[in-house]
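*Asks:* what follows is a predicted protein model with its sequence.
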Amino acid sequence: MPFTLAAPLHSELVIRKSRFIGCVQPVADRAAALAVVDALRVAHPGAAHVCWALMAGGQSAANDDGEPGGTAGRPMLEVLRHQQLEGVLATVVRYFGGVKLGAGGLVRAYTDAIAQALLGAALVPLVAQRVLRCAVPYALEGLVRRELAAAAGVLDEVRHDSLVHFMLVLPAPAAPAFIARLDDAAQGRVVWQPA
């Protein structure tokens with residue numbers, strides 16, 4: 001089962017005078033990850049490298065940012081993969097200390113920076129979500145809201161027109177039972193719309 005992180009986590013290592021500032025954090029997609037990386041470059045103008053790895057399904061990527069190929073981004077990505085993380089960005093800001101570490105030393109440093117940040121991480125299981133759209137008479141609005149709360153769903157949008165229109169987000173495994181309960185309780189007065 002894939003997991004994501006509840007909150008960003010940080011680490012800092014000093015290896016042979018080089019400073020490695022690691023961070024792992026949940027991100028929505030590649031665009032959000034690149035925005036974080038750009039902000040780190042602005043916040044650390046004196047850093048030699050801002051390496052990163054993103055584990056986000058089809059948008060996964062790794063970047064060595066000038067370090068020798070395969071010594072930074074790919075090892076960080078492997079740490080995320082080994083921990084079964086999804087929707088997570090790992091970054092390491094390196095301040096060069098004047099002593100070269102060699103390829104093996106770099107792989108260990110970048111791997112350790114991310115592994116240290118992940119120590120004690122609160123992992124959150126990723127559960128697929130399903131979007132549902134429906135419309136009900138005004139008298140049933142309270143029923144929809146109660147059933148949604150009982151199913152651990154989220155009310156994403158509500159619009160009051162001749163009917164009350166809902167856009168709901170629920171854990172995918174709970175959606176069929178939610179639909180059946182609502183249809184039964186509303187005696188067929190729920191109009192389901194394509195999501």
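*Replies:* Yep, that arrived.
*Asks:* CA only for contacts and neighbour counts going forward, please
*Replies:* Will do.
*Asks:* the bottom helix or strand of this structure by mean pLDDT?
*Replies:* Scoring the helices and strands of the chain by mean pLDDT, DSSP states H and E places strand 123-125 at the bottom, with a mean of 87.
*Asks:* for the longest helix anywhere in the chain, give me every contacting residue.
*Replies:* Determined from DSSP state H, the single longest helix within the chain is helix 102-118. Helix 102-118 is contacted by residues 9-13, 15, 20-24, 68, 71-72, 75-76, 79, 90-92 when judged by CA atoms under 8 Å, 6 or more residues apart in numbering.
*Asks:* same question, stretch 7-24
*Replies:* For stretch 7-24, with CA under 8 Å, 6+ apart as the criterion, the contacting residues are 25-26, 88-99, 101, 109-110, 113-114, 116-118, 121-122.
*Asks:* now, of those residues, which are buried?
*Replies:* Neighbour counting by 16 or more other CA atoms under 10 Å classes 25-26, 88-96, 109-110, 113-114, 116-118 among the contacts of stretch 7-24 as buried.
*Asks:* what domains does the record give for this structure?
*Replies:* For the chain, automatic domain parsing gives the domain ranges 3-125, 129-193.
*Asks:* pick the most buried one from these.
*Replies:* domain 3-125 (a mean of 18; mean count of other CA atoms under 10 Å).
*Asks:* and it, how far from the chain's centre?
*Replies:* 15 Å (CA atoms, centre = their mean, to the nearest Å).
*Asks:* so how far does it reach from one end to the other?
*Replies:* 4 Å (CA to CA, to the nearest Å).
*Asks:* just checking: what are the partner strands of whichever strand or helix holds residue 157?
*Replies:* Assigned by DSSP states H and E, residue 157 falls within strand 154-160. Its sheet considered, strand 154-160 pairs with strand 164-171 (antiparallel) by DSSP bridges.
*Asks:* please, where are all the strands along this protein?
*Replies:* 3-5, 9-15, 18-26, 49-55, 61-63, 88-95, 123-125, 129-136, 154-160, 164-171, 191-193 (DSSP state E).
*Asks:* I would like the residues contacting the fifth one, please.
*Replies:* Outside of strand 61-63, the residues that reach it under the criterion CA under 8 Å, 6+ apart are 51, 52, 53, 54, 55, 72, 73, 74, 76, 77.
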